[in-house]
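*Asks:* Here is the input, now give the coordinates:
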Amino acid sequence: MPHVVVEGAGDLQGLYQSFAPILQRAGGEILKVQEFYLAKSGREALLDAVVIEQGVSRSFFIQLKQHDTTVTVRLLPATDPEKTPAVKKAMALVAGFIRRVCPASRYGKTNLQEYLDASSPV
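*Replies:* Take a look at the predicted model:
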C-alpha cells in the first residue's frame, strides 16, 4: 500500500486551516484534491481526490493519520483505487502540501520516494 510518513508535521487542525484545493495538470493528466474533512477527534482526516489519466477518471480518498509527531499519508482502504502513477502523484502532492505548511518537517518512511522528489517543496 503506498504511503508517506511526514515527521514533525504538526497537527491536523493546522493543516485543515491551511488547506486550499490542489489542481495540477500535465499533459493529459489531471490531479485534483478538492476537500479536506477533519474528524471530530482531530487525529484523522480524509482528502477527496480525483485523478484523470489516459482518459480514465479515478475518485478516492487520501487518509491522514496523526501520530505523536508524525502524519501518515495513505489511501483510504474503502476507496482503494488502482495504484497508478497519477494516484501516487496525488498522494505526493498532499505530502508536499504538509511539508509546505510545516517547513521544519521531513519525509520519513515511504514507498513513494520517486514521486516525492518530483513534488518536493523548495
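*Asks:* Run a quick neighbour tally on residue 92.
*Replies:* 25 (other CB atoms under 10 Å). C-beta coordinates here come from the backbone N, C-alpha and C atoms, glycine included.
*Asks:* give me every residue that touches the nearest residue to it once chain neighbours are set aside.
*Replies:* Among residues not flanking residue 92 along the chain, residue 115 sits closest, at 3.8 Å (CB to CB, 6 or more residues apart in numbering). Shown in contact with residue 115 (CB atoms under 8 Å, 6 or more residues apart in numbering): 85, 88, 89, 91, 92.
*Asks:* between these, which is closest to residue 48?
*Replies:* Nearest to residue 48 among these: residue 91, at 13.3 Å, using CB to CB.
*Asks:* if we can go back for a sec, and the residue nearest to residue 92, which of the three is it?
*Replies:* helix (DSSP: H, G, I helix; E, B strand; the rest coil).
*Asks:* Could you measure from it over to residue 3?
*Replies:* 12 Å (CB to CB, to the nearest Å).
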